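[1] Got a predicted structure plus its sequence, pasted below:
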Amino acid sequence: MSRQIVTDPKTGEKRCRCFKRCGGCQLDESYAEQLSRKQQKAERMLGRYAKVGSIIPMDSPYNYRCKVQTMYGLDGSKRIISGVYQSNSRKLVAVDDCMLEAPAAAPIVQTLKKLMKDMRIAPYDIQSGRGVLRHTLMRTSFTTGQIMLVLVTASPVLPAKNNLVKALLKAHPDITTIVHNICPEGMPLTLGERSITLYGDGYIEDILCGCRFRISPDSFYQVNPVQTEKLYTCAVKAAEIGKGTKVIDAYCGTGTIGIICAKNGAQVTGVELNRSACRDAAANAKLNKLDGIRFYNDDAGKFMQETAKRGESCDVLIMDPPRAGATREFIDCACTLAPKKIVYVSCKIETLERDLKLFTRGGYRAEYIQPVDMFPHTTGIETVVCLRRIEKADDKPEKNYLRPRRGDRKK
Ligand code: SAH
């Protein structure tokens, strides 16, 4: 189907002709070169903290994105096109196929464009504020085969709604749920507060590390489930869970890592800011028949502060913050709680490096560092760091580590 993606007959490696215009891929080189580039960067940035293990590669580094977002617009001849916004501009680049996305996504987008034309559903134009469909979000599960399609419109009116759903399901019976999300304003690709389920359950389920997870439209879920299993396996191994180990899963999303720890006997408390993800986390605990887990819908820094104030403690802190990393408040309180181990799962090496500096001053030593290639063809590096509290009397943390030093970031 695709003329955009070219496969090298000798190596089987793929290249995309849209590389420069699209911006979805950032590295246009062989997979071996990508891995070596990431390994070198991880060693350069983190090597002084501990030994950096060899990056865990993906066996087949294509079609891994289980979350696909697509924008719609009109070309010069007023034909409906779909694709992505060019980086740093408002120009829509037509992309009909993508070597990173789940294979199920592109055919559904093609059908939707045809139906939009037939049913006169115009793409929404941000500049003029006219039109209907802002974008679509698709989530697919490679393990259960479930597919969720979210149609995001600017106004609550979605013309020919019932016929659209019927026609979509007829063409793609593998779609398990369709949701209408209303997003009157905001940046492209954001979701609005209101969602109406038009078909199915309004969420999909996926299986990771033997546990089942429900995922709602606006909950965070790792985009590469194949590598996520490897990432979580590293994180849970680093946590050294035994029966009754007290674990805090901070920035827990839909509860994934905490639930896997609980399955291994841990006593888990999770904290997550996004309400929908937190609701999913509670549902996921039930889905996996686990009673003892509590999930708090709160800011992780505030939660840690309150936990420290109450004088509570935990054996292991697992933290998986967004790209911005953890706040100073979070790190200070984590050091006050003084768990024996901290497992830091990071999706941005620059903020990880910054935060490791503070943990090191706060009484922790990195035991090992394990990069995992979660985002092939992009520059992103995911890393698990296993930190242990220093206990020897002559190896105490520096005094006054909580006081900012010159060069530290200010929050
Ligand atoms: N551990 C989860 C989620 C990691 S992504 C997983 O592997 O799926 C980071 C998560 O942190 C997101 O779910 C995001 O909603 C949440 N988050 C962002 N800022 C936060 C904050 N200040 N306090 C708590 N959670 C936050």
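    Here it is on my side, so go on. Note that the structure is predicted; figures quoted are calculated from it, not measured. Numbers count the residues shown, from 1 in each chain.

[2] all contacts plus neighbour counts: C-alpha atoms, from now on.
    Will do.

[3] Doesn't Leu78 lie inside a helix?
    Just so we're on the same page, residue 78 is Lys rather than Leu. No: counting by DSSP: H, G, I helix; E, B strand; the rest coil, Lys78 falls outside a helix, being coil.

[4] quick one: it from the ligand, how far?
    38 Å (C-alpha to the nearest ligand atom, to the nearest Å).

[5] How many neighbouring residues does that residue have?
    Residues lying near Lys78 (other C-alpha atoms under 10 Å) number 8.

[6] With the one 3 residues further on instead?
    Counted with other C-alpha under 10 Å, residues neighbouring Ile81 total 20.

[7] where does this structure have low pLDDT?
    1-2, 87-88, 392-411 (pLDDT under 70).

[8] how about the helices of it, start to end?
    19-22, 31-46, 105-118, 161-171, 225-239, 256-263, 275-287, 300-309, 328-337, 349-361 (DSSP state H).

[9] Check the offset of the second one from the chain's centre.
    With C-alpha atoms, centre = their mean, to the nearest Å as the basis, helix 31-46 stands 21 Å off its chain's centre.

[10] can I see the domain layout of the protein?
    For the chain, the structural domains run 31-59+224-404, 65-204, going by automatic domain parsing.

[11] can you tell me the distance between the two ends of the last one?
    Using C-alpha to C-alpha, to the nearest Å, the span of domain 65-204 from its first residue to its last is 15 Å.

[12] Which one, of the helices of the chain, ends up nearest to Met58?
    helix 225-239 (6.7 Å; C-alpha to C-alpha).

[13] quick revisit: any chance of the helices of the chain in CSV, with mean neighbour count and distance to Thr144 too?
    Supplementary listing: those in CSV, determined by neighbours: other C-alpha atoms under 10 Å; distance: least, C-alpha to C-alpha, whole Å:
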stretch, mean neighbour count, distance to Thr144
helix 19-22, 16, 30
helix 31-46, 16, 28
helix 105-118, 17, 16
helix 161-171, 15, 18
helix 225-239, 19, 12
helix 256-263, 25, 16
helix 275-287, 21, 15
helix 300-309, 18, 31
helix 328-337, 20, 36
helix 349-361, 18, 32
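
[14] Can I get those in JSON lines including distance to the ligand?
    Output for those, formatted as JSON lines (distance: least, C-alpha to the nearest ligand atom, whole Å):
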{"stretch": "helix 19-22", "distance to the ligand": "25"}
{"stretch": "helix 31-46", "distance to the ligand": "20"}
{"stretch": "helix 105-118", "distance to the ligand": "21"}
{"stretch": "helix 161-171", "distance to the ligand": "29"}
{"stretch": "helix 225-239", "distance to the ligand": "8"}
{"stretch": "helix 256-263", "distance to the ligand": "6"}
{"stretch": "helix 275-287", "distance to the ligand": "6"}
{"stretch": "helix 300-309", "distance to the ligand": "4"}
{"stretch": "helix 328-337", "distance to the ligand": "9"}
{"stretch": "helix 349-361", "distance to the ligand": "13"}
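
[15] What residues does the stretch 101-250 of the chain have near the ligand?
    220-222 (C-alpha under 6 Å from any ligand atom).

[16] could the helices of the chain be laid out in JSON lines, adding distance to Val95?
    Below are these laid out as JSON lines (distance: least, C-alpha to C-alpha, whole Å):
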{"stretch": "helix 19-22", "distance to Val95": "8"}
{"stretch": "helix 31-46", "distance to Val95": "22"}
{"stretch": "helix 105-118", "distance to Val95": "9"}
{"stretch": "helix 161-171", "distance to Val95": "21"}
{"stretch": "helix 225-239", "distance to Val95": "23"}
{"stretch": "helix 256-263", "distance to Val95": "32"}
{"stretch": "helix 275-287", "distance to Val95": "30"}
{"stretch": "helix 300-309", "distance to Val95": "38"}
{"stretch": "helix 328-337", "distance to Val95": "41"}
{"stretch": "helix 349-361", "distance to Val95": "29"}
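
[17] Show the contacting residues for the closest residue to Thr327 other than its chain neighbours.
    Distances taken as C-alpha to C-alpha, 6 or more residues apart in numbering put Gly301 closest to Thr327, at 6.8 Å, once the chain neighbours are dropped. Counting by C-alpha atoms under 8 Å, 6 or more residues apart in numbering, Gly301 touches 326-327, 329-331, 333.
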